[in-house]
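[1] Provided below for reference: sequence and predicted model.
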Amino acid sequence: MSEGKSQSYGPLAVPDVKGAVDVMRQFQALKCDLLAGEDVVLISGKHHVKRSGWRKIALAFNISVSLVDVQREKTADGKYVVRVRARATAPNGRFSEEIAVCDSSEFERGRLEGTLHNIESKAATRAINRAVSDLVGGGEVSAEEVQSGAEQQKEALAKPPDKSGMAKFTWQVKSGESPIRVDSGPYGFLRNKVL
């Protein structure tokens with residue numbers, strides 16, 4: 001840049017806001033249509049997508065997942081800690097890498113033992129769920145992130161939520177645009193339809 005002259009820089013990329021909103025609406029509709037009761041669990045009053053749900057979403061988007069790194073450690077107090085880094089890759093090459101940790105203390109109250117296999121499996125599940133969620137713009141915490149052993153036992157006995165009780169309401173995005181009906185499903189997802 002020469003002295004005395006100022007340069008003006010525009011945005012790196014001009015986003016397609018309407019297109020992005022449409023894509024996210026389609027994603028919410030996909031989750032509502034794709035996920036079944038066994039793919040979602042109610043924890044502390046909020047619905048969370050389980051491993052099976054994130055795997056269905058990955059399949060629907062043709063996302064491949066892989067474990068990039070697994071670190072195992074035994075702490076001085078005898079606990080096992082496993083750290084996993086997973087990568088989710090979209091067909092266009094875009095990817096997300098996420099990490100997750102699990103330790104043996106998480107299995108103290110549950111039906112599963114805190115074996116190295118179970119600890120590693122849970123950490124891998126969390127990392128993969130995070131990577132898929134981040135890649136598709138889910139921005140959610142998966143069920144495996146918040147479940148404790150006791151909640152897993154309760155969830156195994158719980159009846160899946162009924163999809164029929166969807167609350168319906170309408171709003172208009174902008175003046176002059178078509179109104180959108182939003183069905184807030186039993187999983188807290190929004191399903192949008194142009195009226």
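    Looks like it came in fine.

[2] Put the alpha carbons of stretch 55-72 into PDB.
    Extracted as PDB, the C-alpha positions of stretch 55-72 are listed here (Å, rounded to 0.1, in the frame of the first residue of the first chain):
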ATOM      1  CA  ARG A  55     -25.400 -41.300  12.500                       C
ATOM      2  CA  LYS A  56     -28.700 -40.900  10.500                       C
ATOM      3  CA  ILE A  57     -27.900 -37.200   9.900                       C
ATOM      4  CA  ALA A  58     -24.400 -38.100   8.800                       C
ATOM      5  CA  LEU A  59     -25.800 -40.700   6.400                       C
ATOM      6  CA  ALA A  60     -28.400 -38.300   5.000                       C
ATOM      7  CA  PHE A  61     -25.700 -35.700   4.300                       C
ATOM      8  CA  ASN A  62     -23.200 -38.400   3.000                       C
ATOM      9  CA  ILE A  63     -20.700 -37.400   5.700                       C
ATOM     10  CA  SER A  64     -17.800 -39.700   6.400                       C
ATOM     11  CA  VAL A  65     -16.400 -39.800   9.900                       C
ATOM     12  CA  SER A  66     -13.000 -41.000  11.200                       C
ATOM     13  CA  LEU A  67     -11.100 -41.000  14.500                       C
ATOM     14  CA  VAL A  68      -8.000 -38.900  14.100                       C
ATOM     15  CA  ASP A  69      -6.400 -39.400  17.500                       C
ATOM     16  CA  VAL A  70      -7.000 -41.400  20.600                       C
ATOM     17  CA  GLN A  71      -5.100 -40.800  23.900                       C
ATOM     18  CA  ARG A  72      -5.400 -43.100  26.900                       C
END
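
[3] tell me the mean pLDDT for it?
    Averaging pLDDT along stretch 55-72 yields 94.

[4] Give me the contact list for it.
    Applying C-beta atoms under 8 Å, 6 or more residues apart in numbering, the contact partners of stretch 55-72 are 30-31, 34-35, 39, 49, 80-91, 97, 116, 120, 123-124, 127-128, 131-132, 135-136, 138. Glycine gets a C-beta too; all of them are placed from N, C-alpha and C.

[5] buried stuff in the biggest helix by length in the chain?
    In the chain, taking DSSP state H as the definition, the longest helix is helix 116-136. Across helix 116-136, burial judged by 16 or more other C-beta atoms under 10 Å covers 118-136.
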